[in-house]
Each structure stands twice: as structure tokens, then as C-alpha cells.
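Trainee: Got a sequence here, can you build the structure:
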Amino acid sequence: MTFVEKLVQMHVADHSKIKSSVDVAKRAMAIVHKSCHTTLWQEDAYLDQEIQRVQGLIESKGAANLPLLGVPVGIKDNINVKGTKTTCASKILENYQSPYEATVSTKLAEAGAIRFCKLNMDEFAMGSSNENSAYGAVKNPKDLQRVPGGSSGASAAAVAGGGLPLSLGSDTGGSIRQPAAFTGVYGFKPSYGRVSRYGLVAFASSLDQIGPFARSNIDIQKLYGVLEGVDPFDDSTRNIEFKAAAAKNKVAVLSEDLLKDCSPEVFSAYQRCLSSIESKGFELVTVNPKGIKECLSIYYILAPAEAAANLARFDGVRYGQREPSAKTLEEVFCKTRSKYFGSEVKRRIITGTYVLSAGYQEAYYRKANQARSMLRREFQKIFLECDYLFLPTTPSTAFKLGENADNPLAMYLNDLFTIPANLAELPALSFPVTNEDGPLPIGMQLVGPYGSDQNILEFERSIAGLSSCDDLGTSLAGSVWQEYLS
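Mentor: Residues are numbered from 1 along each chain as shown. Purely as a prediction, here's the structure:
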């Protein structure tokens with residue numbers, strides 16, 4: 001049985017165990033937070049209210065009808081949960097209290113989950129290392145000298161460190177899948193529109209997607225099954241009826257030219273995985289889609305452009321902090337944003353404002369959108385011939401803290417293999433595989449046709465033996481849970 005299945009079974013049999021499980025989660029997360037700096041908000045009084053709320057649900061709906069009964073779930077701090085702080089790891093929202101509930105938070109509550117804590121992140125989800133948080137960098141539980149990936153680094157670290165069975169992150173250009181790869185857990189980005197973004201603080205609205213972290217495929221499916229669905233509060237959600245064609249038994253793989261930036265250990269792991277997939281009867285089809293080499297350029301035009309528009313609301317008037325020394329309206333805007341935004345956020349706002357300016361919008365923004373449309377068509381061609389695309393999640397394993405701090409371009413290269421799925425709105429799953437050449441986790445990625453979310457998850461399960469998630473007991477705080485569940 002999986003981590004989540006064991007907890008739910010225990011809680012169905014004995015409802016009083018829910019409080020015990022929350023207490024165990026507190027102890028486990030205290031260990032993970034002390035080492036990795038994962039938690040931005042957690043209050044005992046709120047958790048007591050959560051336990052009472054779940055007990056009320058048991059009486060009204062029945063324990064058997066609550067798929068996440070009593071399961072503690074960590075939530076990235078750019079997702080609004082009413083009555084909690086939502087800071088987006090930024091000083092500009094340091095004391096902001098969520099006045100309303102994100103749809104995914106509501107769905108967690110209705111499924112009987114315990115919304116346990118708010119988790120650290122790169123400021124406004126901008127970053128690939130979780131070093132851009134205004135409240136301190138997050139560390140990788142597999143190696144405390146290294147980054148956990150970003151921007152959902154703490155969501156990954158909380159699960160990988162054995163603090164929590166499940167967590168939520170957001171993925172704009174790989175912010176779920178890249179941390180999952182760096183920390184050795186599962187991370188899933190659904191098809192765009194499959195999960196509501198209502199209540200998610202927007203970074204780039206045409207790219208953002210909320211998704212789950214877990215230690216197993218089955219637990220990913222359980223949480224995803226709760227989250228997905230059309231939401232009247234989010235017009236971008238869609239009722240996607242994916243009609244899978246007859247299985248082609250073909251898996252698309254990248255040409256070696258596209259893998260030249262991979263480290264030797266990632267390349268070696270990729271080749272081993274290809275041999276394993278081929279041994280299971282699948283034909284490998286090498287692809288080199290037009291536009292994939294330009295994905296980073298496309299993304300770092302479109303995402304900052306949308307970010308510049310979305311973050312305009314944080315001006316010292318409508319939301320968050322205001323610089324008290326400002327005397328005029330212009331000073332309120334300039335001084336507030338200069339003081340309370342971090343350097344990476346400022347960099348992307350400036351870039352986005354530039355590409356949207358009158359003289360450059362045609363040259364950059366419109367052409368990037370055209371290139372994005374071309375990339376979508378390229379993926380459609382791939383999936384006419386193949387069932388899925390298989391590729392590494394990241395070009396390398398986790399790098400050391402501070403290693404790329406002064407080199408934004410090197411940092412951006414970490415998103416090389418994750419960005420295409422966001423630009424094309426496709427579902428993508430990162431899962432851990434064995435690293436025979438070193439101690440650090442490696443993640444591989446499955447990308448499927450639009451709407452094939454469930455099919456991807458089932459396919460990964462069908463290629464048994466490929467994934468390799470560390471035993472819970474070997475993680476930072478896993479022994480606390482193992483002793484409790486034994």
C-alpha cells in the first residue's frame with residue numbers, strides 16, 4: 001500500500017487517528033523545516049479547526065466518501081487558503097491574509113484532506129532553484145548543499161524529506177517537474193485547463209497550472225482525481241473528453257543533438273530507460289520537432305510579458321505593503337516596488353515591459369506567440385505517430401546552492417526540457433529513475449497529447465520497474481512516519 005492509502009485506511013478504521021496523524025506530520029515537518037527551510041506558515045489553532053471540519057464531514061458524508069480522509073497536504077504559498085497567510089515568498093505580501101479560497105483548496109477540503117501548511121517558493125514563482133524567496137533559500141533534502149529546484153522547491157522537499165505524503169505546487173515552465181526531478185519524487189503538470197487556477201496568484205496566466213507532488217504514481221492519481229474538473233470561477237477550465245486512438249506502441253524520443261546539454265549521468269540514465277522501454281515491446285521513434293530549440297527564447301519573452309501585466313496590481317495601493325516614505329502617487333509606485341520586489345521579479349518585470357512596449361511588441365511578443373503556435377502543431381504531428389514523448393526532466397542533477405546565482409542564463413537552462421509542455425498546454429509527468437553513476441536523484445518525463453492526463457499516469461505504471469523513488473524510511477523525517485504506520 002502507498003503512503004496515502006495507509007493513512008486513509010487507518011483513518012477510516014479509527015477516526016480519532018486523524019489528530020494523531022496531524023501530530024506526526026507536525027513532528028516530521030519540524031525535522032524537514034529545520035534542515036531545508038520549507039515552511040512559511042503553519043498554526044496549531046488552524047490545524048485544530050481543520051481536524052474539527054473533517055470530523056464534521058465524516059458525519060455528513062461518511063468516511064468512505066472522503067478519498068483523502070485526514071491526509072495532511074502542504075500547499076505552495078501562491079495558492080490562497082482562506083484564513084492563512086499567502087505571501088508568494090515576497091516582502092510585498094508579507095502580512096497578506098487570504099480573504100477567499102482557491103478552488104483547489106476547496107476541493108482538498110471537500111475530499112477530507114488536512115490543509116497543513118503553506119510552503120516556501122521562489123518569489124512569485126519566478127526561479128529554478130528556490131533561492132529567490134524573500135524568506136530564505138530552500139535546501140534539497142537529498143543533499144543540503146544543493147538546491148531543491150524551483151519554483152515549487154519546498155513542495156518537493158516536504159514530500160522528498162518525508163515530512164508530508166502530498167503537496168501542491170504550480171508549474172509555469174517546469175516548476176513542479178524540475179523540483180520533483182531534483183529531489184527524487186513524482187511531480188505532475190496537468191493539461192492546461194484541467195485544474196482550476198482560481199485562487200492561484202498569477203505569474204503567466206496562459207502557462208500556469210496547479211499540480212501534485214507525491215512519492216508514488218498511485219498517490220499522484222489520488223490527488224489529481226480530487227483536483228481536476230471544470231470550475232465556474234475559471235473560464236480557462238475545460239471539460240476535456242480525450243478519446244485515445246488505438247495504441248501505436250510507439251514512444252517518441254529526442255535526437256542526440258537535442259540532448260547535447262545533458263550531463264553524462266542524465267544522458268546515461270536516459271539511454272538505460274530507452275533500452276528498458278524498448279525491451280517492453282515499444283518502438284522508439286527519434287524526433288527533432290521544429291521550434292523546440294527556441295523554447296527557452298519563446299518562454300522568456302511570453303512569461304515575463306504576462307508577469308509584467310499580472311504584477312502591475314502590486315503597486316502599494318491595492319495589495320500588500322506600501323513604502324511609508326513615499327509622498328506622491330508616483331513615489332508610492334516606484335518606492336514600494338523597488339523596495340519590496342526581489343531582483344529576479346524586477347528582472348522579469350523589466351523584460352516583460354520591454355517586449356510589450358510599442359516599438360518592440362511586433363518584433364518580440366507577437367513573433368513569440370506565432371512560434372508557440374508552431375510548436376503546438378509540431379507536437380500534434382508527433383502524437384499522430386506516437387503515443388507519448390519520453391525525455392529527461394532536467395539536463396543535470398541538482399546544482400549547489402549559489403552556483404548559478406549570478407548567472408541567470410545558466411539558471412534558465414534548467415527549464416530546457418520542461419518548458420515545451422507548458423507552451424503546448426500538454427500534460428507531463430516527472431518520475432524518479434535510478435542514477436547508477438552518482439548519489440543524486442534523476443528525473444525522467446512523459447509528455448502526452450492534450451487531455452491524456454490519466455493515460456500518461458497509467459502508462460507510467462505499466463512500464464513497471466522504470467521508476468525508482470527512495471524508501472520513505474531513508475528520508476530526513478520518514479522514520480517518524482514509518483514508526484507510526486507500522
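Trainee: what about the strands in the stretch 151-300 of the chain?
Mentor: For the stretch 151-300 of the chain, the strands defined by DSSP state E, counting those that start in this stretch occupy 166-171, 186-189, 209-214, 250-254, 283-287.
Trainee: Quick check: V355 touching E362?
Mentor: No - when contacts are counted by Cβ atoms under 8 Å, V355 is not listed as touching E362 (10.3 Å). C-beta: built from backbone N, CA, C; applies to glycine.
Trainee: Chain neighbours aside, what residue packs nearest to A102?
Mentor: Using Cβ to Cβ, 6 or more residues apart in numbering and skipping the chain neighbours, the partner closest in space to A102 is G199 (2.3 Å).
Trainee: residues touching that neighbour, list them.
Mentor: Applying Cβ atoms under 8 Å, 6 or more residues apart in numbering, one finds that G199 lies in contact with I79, N80, Y100, E101, A102, T103, V104, S105.
Trainee: cool, and N140?
Mentor: C36, R146, V147, P148, G149, G153, A157, A160, F182, T183, A398 are the contacts of N140 under Cβ under 8 Å, 6+ apart.
Trainee: And the residues you listed, which is closest to S216?
Mentor: Comparing the contacts of N140 against S216 with Cβ to Cβ places A160 closest, at 12.5 Å.
Trainee: wait, isn't the closest one in contact with Y186?
Mentor: No - using Cβ under 8 Å, A160 is not in contact with Y186; the gap is 10.1 Å.
Trainee: joint contacts of these two?
Mentor: R215.
Trainee: V355 and E362: who's more crowded?
Mentor: Neighbour count, other Cβ atoms under 10 Å: between V355 and E362, V355 has more, with 20 against 9.
Trainee: Could you check how many residues crowd around A180?
Mentor: 38.
Trainee: That one: what's it in contact with?
Mentor: G149, A156, Y186, G187, F213, T393, S430, F431, P432, G443.
Trainee: Nearest to K248 among those residues?
Mentor: Minimum distance to K248 across the contacts of A180 is 21.6 Å, recorded for F431 (Cβ to Cβ).
Trainee: Check the residue nearest to that closest one when sequence neighbours are not counted and give its pLDDT.
Mentor: Spatial nearest neighbour of F431, chain neighbours left out: S467 (4.6 Å); criterion: Cβ to Cβ, 6+ apart. At S467 the predicted local confidence, pLDDT, stands at 80.
Trainee: Please tell me how far S467 sits from G473.
Mentor: 18 Å (Cβ to Cβ, to the nearest Å).
Trainee: Over to T172?
Mentor: 34 Å.
Trainee: Which one's more surrounded, the two?
Mentor: More crowded of T172 and G473, by other Cβ under 10 Å: T172, with 27 against 13.
Trainee: residues in contact with that one?
Mentor: T172 makes contact with A125, S151, F203, A204, L207, D208, Q209, A303, N422, according to Cβ under 8 Å, 6+ apart.
Trainee: Give me the pLDDT value at it.
Mentor: Looking at T172, its pLDDT stands at 98.
Trainee: Apart from its neighbours in sequence, what residue is nearest it?
Mentor: That would be L207: by Cβ to Cβ, 6+ apart, it lies 4.7 Å from T172.
Trainee: Spit out the contact partners of the one you found.
Mentor: Contacts for L207 (Cβ under 8 Å, 6+ apart) come out as T172, G173, Y192, Y299, L302, A303, E306, N422, L423.
Trainee: Pipe these into CSV and attach distance to I350 per row.
Mentor: Putting those into CSV (distance: Cβ to Cβ, whole Å) gives the following:
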residue, distance to I350
T172, 18
G173, 18
Y192, 27
Y299, 17
L302, 15
A303, 13
E306, 14
N422, 22
L423, 22
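Trainee: Do I have it right that Y360 meets Y354?
Mentor: Yes - assessed by Cβ under 8 Å, Y360 is found in contact with Y354 at 6.3 Å.
Trainee: Which one's more surrounded, these two?
Mentor: Each of Y360 and Y354 has its neighbours counted (other Cβ under 10 Å); Y354 has more, 17 against 14.
Trainee: Work out for me the element the more buried one sits within.
Mentor: Assigned by DSSP states H and E, Y354 belongs to helix 343-356.
Trainee: mind listing what's buried in that helix?
Mentor: Using 16 or more other Cβ atoms under 10 Å as the test for burial, helix 343-356 gives E344, V345, R348, I349, T351, G352, T353, Y354, V355, L356.
Trainee: With stretch 451-466 instead?
Mentor: So stretch 451-466, judged by 16+ other Cβ under 10 Å, has buried residues G451, S452, D453, Q454, N455, I456, L457, F459, E460, I463, L466.
Trainee: Adding secondary structure and distance to N310, write the residues you listed out as CSV.
Mentor: Listed next are those as CSV, based on DSSP: H, G, I helix; E, B strand; the rest coil; distance: Cβ to Cβ, whole Å:
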residue, secondary structure, distance to N310
G451, coil, 26
S452, coil, 29
D453, helix, 26
Q454, helix, 30
N455, helix, 32
I456, helix, 29
L457, helix, 30
F459, helix, 34
E460, helix, 33
I463, coil, 38
L466, coil, 38
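Trainee: what's the closest of these to L274?
Mentor: L466 (10.3 Å).
Trainee: Return the residue of this protein that is most distant from the centre.
Mentor: K327 (40.3 Å; Cα atoms, centre = their mean).
Trainee: how near is it to G316?
Mentor: Taking Cβ to Cβ, one finds K327 at 12 Å from G316.
Trainee: same deal with T86?
Mentor: Counting by Cβ to Cβ - T86 and G316 are separated by 18 Å.
Trainee: And for H33?
Mentor: Here H33 is placed at a distance of 31 Å from G316 (Cβ to Cβ).
Trainee: Any buried residues in stretch 267-281, and which?
Mentor: Residues of stretch 267-281 classed as buried: F267, S268, A269, Y270, R272, C273, L274, I277 (neighbour count, 16+ other Cβ under 10 Å).
Trainee: which one of those residues sits closest to K6?
Mentor: C273 (28.9 Å).
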